[in-house]
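Novice: this one's sequence-less:
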Ligand code: IPE
Ligand code: IPE
Ligand code: MG
Ligand code: MG
Ligand code: MG
């Protein structure tokens, strides 16, 4: 089984159990995770562990799951009527459409808390687990993804300059993607310094990933995207600010920088990152 298949298998076997007399809360908790998505962040984390120390691969699964739970919570809230107001995601109705808005808010809240419980319960040393909690919390919270989302929502309909747009995207999307590499590095036993170097490369991957996401909104069909397209009309997206062609060129420039930054890295790690870039950031 390849890394993606291993992760999907783990996810299905390790759903959140939430027995109660609520008619559908347990189902709703797992609904968006089971809908898939690319699992780009989990693949980055597990890929680093696999490249550096295969013996830690199985124990890293719980942290990869935590990362996907945080990512899914961010999307469930992002789709709410008060944020992007999107009716479908990953090819299926969003939680507030299938169930109701209260459920979408609470499922997001639960995934956010439960993610850290997954790490606390992981079969890793306490020292590694505290580092994982710190990395994930820092990049998901008010210094990372949430700040990016706050800026994205507040400055809708106000055109930002390119450096402010980058600041926003580096937090909204870059932070969690960079954290994926850093978490993988820490679990695999690399030094904090090496993990931070990978984090910096991850920020660039995250920026390119968001440019690609903005391009998907402008150029893909909703069937291909699995979510509404032409939805960023009032957003500070790269496409709105500099157009499709310049966005593509900018993304390619960042990808070239990533390859350069990776020059002295271990071959397995370079292959992992290059393959994921090829699969999800091209076109
Ligand atoms: C979508 O993330 C939102 C962004 C941060 C760009 P993904 O494109 O990773 O969504 P899934 O997980 O594949 O559905
Ligand atoms: C959302 O960005 C990023 C998050 C942190 C949730 P978008 O709003 O562009 O993501 P999509 O296009 O709805 O997936
Ligand atoms: Mg959004
Ligand atoms: Mg959105
Ligand atoms: Mg988008």
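Specialist: Looks like it came in fine. Source: prediction; values computed, not measured. Ligands and ions are numbered 1, 2, ... in the order given.

Novice: check contacts around residue 18.
Specialist: Neighbour list for residue 18: 25-26, 29, 110 [criterion: Cβ atoms under 8 Å, 6 or more residues apart in numbering]. For every residue, glycine as well, the C-beta is placed using N, CA and C.

Novice: Please identify which of the residues you listed is nearest to ligand 1.
Specialist: Distance to ligand 1 across these (Cβ to the nearest ligand atom) is lowest for residue 29, with 16.6 Å.

Novice: Could I get the contacting residues of the closest one?
Specialist: If you count contacts by Cβ under 8 Å, 6+ apart, then residue 29 has 15-16, 18, 107, 110-111 around it.

Novice: and which of those residues is nearest to ligand 2?
Specialist: Of the contacts of residue 29, the one sitting nearest to ligand 2 (Cβ to the nearest ligand atom) turns out to be residue 111, at 12.4 Å.

Novice: by contact count, what packs against the host helix or strand of the closest one?
Specialist: For residue 111, the host element (DSSP states H and E) is helix 101-120. Identification of packing neighbours for helix 101-120 by 3 or more Cβ pairs under 8 Å, 6 or more residues apart in numbering; DSSP states H and E yields helix 25-34, helix 57-78, helix 95-98, helix 126-140.

Novice: Among those, single out whichever gets nearest to ligand 3.
Specialist: With Cβ to the ion as the criterion, ligand 3 lies closest to helix 57-78 of these, at 4.5 Å.

Novice: Run through the residues that contact residue 239.
Specialist: Residue 239 sits next to 214-215, 217-218, 232, 247 when contact means Cβ under 8 Å, 6+ apart.

Novice: mind listing which of those are in strands?
Specialist: Among the contacts of residue 239, DSSP state E puts none in strands.

Novice: Tell me the most packed of the residues you listed, by neighbour count.
Specialist: residue 214 (25 neighbours; other Cβ atoms under 10 Å).

Novice: Enumerate the residues of the stretch 101-250 of the chain near ligand 1.
Specialist: Within reach of ligand 1 by Cβ under 6 Å from any ligand atom, the stretch 101-250 of the chain has these residues: 173, 210, 213.

Novice: What is the neighbour count of the first one?
Specialist: Read it as residue 173. 28.

Novice: That one touches residue 211, doesn't it?
Specialist: No - in this structure residue 173 lies outside contact range of residue 211 using Cβ atoms under 8 Å: 9.5 Å.

Novice: got the residues of the stretch 51-200 of the chain near ligand 4?
Specialist: By Cβ under 5 Å from the ion, the residues of the stretch 51-200 of the chain that approach ligand 4 are 78, 84.

Novice: Quick one: name the residues of the stretch 51-200 of the chain near ligand 3.
Specialist: Within reach of ligand 3 by Cβ under 5 Å from the ion, the stretch 51-200 of the chain has these residues: 78, 84.

Novice: And ligand 1, is whichever strand or helix holds residue 50 touching that?
Specialist: Residue 50 is located in helix 40-52, with elements delineated by DSSP H and E. Yes - Helix 40-52 is in contact with ligand 1 by Cβ under 6 Å from any ligand atom, via residue 40.

Novice: helices or strands next to that helix in the packing?
Specialist: Using 3+ Cβ pairs under 8 Å, 6+ apart: helix 40-52 touches helix 3-13, helix 57-78, helix 175-187, helix 192-219, helix 267-280.
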